[in-house]
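# how would this look folded up:
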Amino acid sequence: MGLILDSTVFIHAERQGETVRQMLSRISNTEFVPFQGKTYRLADEEIGVSVISLMELAHGIVRADTPQRLEQRARFLSELKEGVPIYPITEIIALNAGHIDGDLASKGMRIALSDLLIGVTALDLGWAVGTANERHFKMIPDLKVFVL
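Numbers count the residues shown, from 1 in each chain. Just a heads-up that it's a prediction; the model follows:
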């Protein structure tokens, strides 16, 4: 099993002044994360990113409130693109996301489209999501969610 990192993990790292390498090292050095009675060693897991996270980070670059922050965010995104595999939204991911979104909507629940696509990308790979905000991801059936 691998780990798709949600944008909240990158935002937290960027706000702490971490580089991509430092962030990945910190995550990999997280020894055990409990999930439904089973523990996982994150150092043994592959780490990837949904293309949707790139979109969200590009959005954050444009919204930077200082030239220094803009440069820091742009550098972080560039390092991220070089440092981890990036997974696209495929036809299967789009269809599965549509089914999950329709099912949740019929129950009066909504997930931000970006979080839904990131979560379904992880599901498609048979991976978990690593996030700093588990609320939306917990609504996706069968998705393992690690709070980082």
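
# So which helix or strand of the chain has the lowest pLDDT on average?
strand 33-35 (a mean of 57; mean pLDDT, DSSP states H and E).

# what ranges do the strands span in this structure?
With DSSP state E as the criterion, the chain has strands at 3-5, 33-35, 38-40, 47-50, 86-87, 128-131, 145-147.

# quick check: mean pLDDT across the first one?
If I follow you right, that is strand 3-5. Strand 3-5 carries an average pLDDT of 95.

# Same check on the fourth one?
The pLDDT scores in strand 47-50 average 96.

# Can you give the distance of it from its chain's centre?
7 Å (CA atoms, centre = their mean, to the nearest Å).

# Can you tell me the strand partners of that strand and which way each runs?
Take DSSP bridges as the rule and strand 47-50 pairs in its sheet with strand 3-5 (parallel), strand 86-87 (parallel).

# which residues sit against the shortest one?
When contacts are defined by CB atoms under 8 Å, 6 or more residues apart in numbering, strand 86-87 is touched by residues 4, 48, 49, 50, 51, 54, 121, 125. C-betas here are computed from N, CA, C, even on glycine.

# Just the buried ones among those, please.
4, 48, 49, 50, 54, 121, 125 (16 or more other CB atoms under 10 Å).

# separation between the last one and residue 85?
Residue 125 sits 10 Å away from residue 85 when distances are taken as CB to CB, to the nearest Å.

# count of residues packed around the nearest residue to residue 60 once chain neighbours are set aside?
Nearest residue to residue 60, sequence neighbours excluded (CB to CB, 6 or more residues apart in numbering): residue 73, at 5.6 Å. Neighbour count of residue 73, defined by other CB atoms under 10 Å: 21.
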